[in-house]
Every structure is written in structure tokens, then in C-alpha cells.
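> Prediction below, plus the sequence it came from.
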Amino acid sequence: MLRLDLAGCTRDRIGDAGLGKDDLAVNQASLQALIKQLHGSDCNGMDRWRKLPHDPLRADHLDAVNSVLDALPGDVENLVVLGIGGSALGATALHAALNSLTWNLVPRDQRSGPRLFVLDNVDPDLVGATLREVRRVDPDFQRTIFNVVSKSGETAETAAQFAIVQSMLEHAGPSSTARIVATTDPTHGTLRTLADARGWPTLPVPDGVGGRFSVLSPVGLFPAAMCGIDIQGLLDGAAAMDAACLDPDPAANPAAQLAWTLVSMARHGRSNHVMMPYSNRLSPMADWYRQLWAESLGKRHGLDGAIINAGATPIRALGATDQHSQIQLYREGPDDKVIGLVALGEHDERVPIPVRDDAETLQYLGGHDLVELLDAERLATEYALVESRRPNFTITIPRLDAPSVGQFIWLWQMTTAMAGALLGIDPYDQPAVETGKQATFGLMGRPGYEDWSRRVKDTLG
Ligand code: PA5
């Protein structure tokens, strides 16, 4: 199992900046009630995502993903995911964590799946260059799969990308359009209607599984499975962490501990929450966490309708790189942060540092390896944070395999749900995202949204 070490947030370690046993004692009853509430839910509302690692939903999704995979040609060279936000971040995070960082650069016989491109933006430089590269290697798109992912089926960015891809495929010939797999709502929405009409294979994003909680649904499982990731292992890890996060004893429940610590810290003015993995492979996972924490907890209204402007700002950092960029601020700048370090128990590579005799002052490095150096840097950073009385914690992942990554994802999803309850907000809506979407529709000329375009012009001139 993952190890969560919150000692760096305690008074014992960082003095008055830390939380004391008395703080936990005060909250013991409310945490117990919260865990009881999680046990009591039938998970048929917006928390339906909690059923993802368990049968029957788990088996349904594995069957659905495997049957789409079985029907695809065996020599796929490019998988292009079209999606944004929760429909894209999970695919990128899983692939980075569980496949090699040079995956797209190595020959096909050295990879267990196609090259992966996730188009998670409408930046023309990204979309244009990526599609050109896909076409360079596969001019007729016979060895390319386009996985369009949109729960609503109407997100402007994904719809625009998809229109570009569809036209490109139609141009390349009728058989090319067979290269589309649509992941969307099982019954509703424009993408569902289109997919049913055109006969594209589809995968479901069930009700109650919002984008940022969907990585362990077919949204993330299909691209992961195509790229050789053990998706059963991911779900096994999530199920194991689920059991731990339902432990009725708050002191033994990692999600309750983490949620309580971070919410308490935010209440004490430490509302910037940094995730700093000491692993490049986990850097996209920190982006996934940023969306989960920000969009779920950043809410103007409490459940009772009062204006509370709740939330904490998630920040991505990378060890050891950001020791040379951010740590100065984290140690001596405003005391408004909690720094979460993520350590790996084992790396796939060690990379020895050779002993050299050309510079005496650098000889101490020789004979060690990069794992030792990276670990030393992390411990040194933890020490430095404690020394300056800055709250910090460490999550240790034994090694980057599918069960561990499933555990990590589940820990944060459960922590987010509990943090939402502690803050008294709805973690499953995102009303503030709507204004920008409606205004974009207006500016792009969507009928019915003319008023939005006028409002933008009146306000911005
Ligand atoms: O977490 C969320 O709900 C959002 O980030 C959505 O995933 C994102 O807006 C994309 O929505 P859709 O999947 O409907 O295209």
C-alpha cells in the first residue's frame, strides 16, 4: 500500500504552524460521521464514480473496453485522444506514470501499444503539428485510432477538434472514418446521437461519473489499455484503497487524515496546496490532481446557500527541478502553503554516476546513482521545510505499477469527496465554468447566445 506520512504537518515537528492531537480529537466525531455517511450512500447520485472499481460496473467497463479493443486492427501506430479537462488529463497521467517517458520516440516493436497523442487544447500549433505528424507516419489513417471523449458531447474545444479530424478522415477515404471510437454519455448528447447514427464503436461515461472523477472509467481505461497498461491492476489498486478510505477509525483512514489535515491547514490560512512528485513520470498526475482539487473544492456557495468562497489552490511542482525554482518561495515567502512531496520507493532505472578524477570538488558524487541523489534531494527538502516550520507531508508510492497508481488516484478522489463534505460544499458541480463557456458560444456565433457576445463587448470594450 501507499504510505502517507503527515508528521510534517504536526506541532511536534513544525511547532505552532502544525496541528496538534487536540485538533484531531475535536474533529474525531465529525470525521466518524462523515465516514459513516460514505458507508450509507447507495452511490447512485453524483458519487456514482465510487462504484467504478467494484462489480458490476467494473466488469461492465472491462468488457466494454476489451470488446472495442478486440475489434480494432492489431497494428495501430497512433492513438489520438480528443478531449479536454477531465476527458483528457487522466489519459495523459496514466500513460506518463506507467509507460516510459520516451514511449513515442522508440520503434513500435519496443512498445506494447501505439504512440499516444492527447489533444487537450485548441491551440492551432498543437493540433496542426500533431495531425501532420500522425499523417506523416500513417498517410491514409489505416493505423490510427481517434478516441473522441466528451461526456456532454457538446464541449466546443472537443467538437472543433473532432470536426477537423472527421473532415480529414472523410477526405482520406471512406474506410478511414472507421477509425473513430467515441467515449460519451450512454444515452444523451450530440456525440452519442452522431456515434449511433454513424455506427462508430462507443464506450460509456455513466451518470454520476463527472469528468474529473472519470479516469478509472472507460474515459481513462480505454487509452490506457491500448497503450499496454494493466487496467485490471489499476482497478484492483483503487478497490484496495477504497477499503482503506472507508475504515471507520479516522486515525487509520488515509483519506480522512489527508482531507482533515488539508482543510484544517486551509482554515489556518494555508490554502495553497503543492503536489511535488520526485518523479517526472508523475508530473502529469499532479496536473490531474490540480483539476480535481480546484474544480471540486473552489466554490462560492456552501450547501446552505451562504457565500463562503471555499477552496484551496493546487500547485504543481517537480522535484528536484523546482528546488532550483520554487523552494526559495516555499520556505521564505508567505506562510500560506502545504507542500505535499511524492516519493517513489523504487524507480525502474538507477543510472550510476561514474567516478571521475577531473574535478576534486565533484568527486563525492561518483559511485552513487541518480536514485540516491534524487532521494537525498527529497529528504533534504523535507528537512529544509521543517527547519523553516513550513507544513509538509509525504506520500510514498512503493513503485510505479498499475495497482499503486490506482491507489494514488483513489486516495485523492476520496480525499476530495471528504474535503468537500468538511468544507460544506458540493464537490461535483462547476457553475463558475459556465460563464466562460456561454460567452465563447456567443463570440463564436452560436445561435441563441448573441446576448453573451454583446455582454463581452460591453464589458471589455
Ligand atoms: O471535470 C469536468 O467535469 C470537466 O473538466 C469536463 O471533463 C470538461 O469540461 C470536458 O467536458 P466533456 O467531457 O463534457 O466534454
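Received, thanks.

> Contacts only, for residue 338.
Residues near residue 338 by CB atoms under 8 Å, 6 or more residues apart in numbering: 9, 261-262, 265, 270, 272-274, 391-393. Any C-beta I mention is one placed from the backbone N, CA and C, and that applies to glycine too.

> count of neighbours near the closest residue to the ligand within the stretch 101-250 of the chain?
Closest contact between the stretch 101-250 of the chain and the ligand, by CB to the nearest ligand atom, is at residue 211 (2.0 Å). For residue 211, the neighbour count with other CB atoms under 10 Å is 26.

> tally of neighbours for the nearest residue to it once chain neighbours are set aside?
With sequence-adjacent residues excluded and distances taken as CB to CB, 6 or more residues apart in numbering, residue 211 is closest to residue 86, at 2.2 Å. Per other CB under 10 Å, the neighbour tally for residue 86 reads 24.

> Quick one: name the residues of the stretch 101-250 of the chain near the ligand.
The interface of the stretch 101-250 of the chain toward the ligand, taken as CB under 6 Å from any ligand atom, is made up of 150-152, 155, 158, 210-212.

> among those residues, which are in helices?
When DSSP state H is applied, these are split such that residue 158 fall in helices.

> Inside strands: which ones of the residues of the stretch 101-250 of the chain next to the ligand?
Counted as lying in strands by DSSP state E, out of these, are residue 150.

> Just name the closest of the residues of the stretch 101-250 of the chain next to the ligand to residue 4, please.
Checking these against residue 4 by CB to CB gives residue 212 as the nearest, at 21.2 Å.

> Not counting sequence-adjacent ones, nearest residue to that closest one?
Nearest residue to residue 212 in three dimensions, chain neighbours excluded: residue 86, at 4.1 Å (CB to CB, 6+ apart).

> helix/strand/coil for the one you found?
Using DSSP: H, G, I helix; E, B strand; the rest coil, the secondary structure recorded for residue 86 is helix.

> OK, contacts around it?
Going by CB under 8 Å, 6+ apart, residue 86 touches 151, 210-215, 219, 291.

> possible to save those residues as a markdown table with pLDDT and distance to residue 169?
Shown next, in a markdown table, are the contacts of residue 86 (pLDDT from 0 to 100; distance: CB to CB, whole Å):
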| residue | pLDDT | distance to residue 169 |
| --- | --- | --- |
| 151 | 94 | 23 |
| 210 | 95 | 30 |
| 211 | 96 | 25 |
| 212 | 97 | 30 |
| 213 | 98 | 31 |
| 214 | 98 | 26 |
| 215 | 98 | 27 |
| 219 | 98 | 22 |
| 291 | 98 | 30 |
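
> Neighbours of residue 38, how many?
So residue 38, with other CB under 10 Å, has 21 neighbours.

> tell me which element it falls in.
helix 21-40 (DSSP states H and E).

> List the contacts of that helix.
With contact meaning CB under 8 Å, 6+ apart, helix 21-40 is reached by 50, 245-248, 250-251, 253, 256, 260, 264, 414, 417-418, 421-422.

> near the ligand, which residues of the stretch 301-450 of the chain show up?
With the criterion set to CB under 6 Å from any ligand atom, the stretch 301-450 of the chain comes near the ligand through residue 430.
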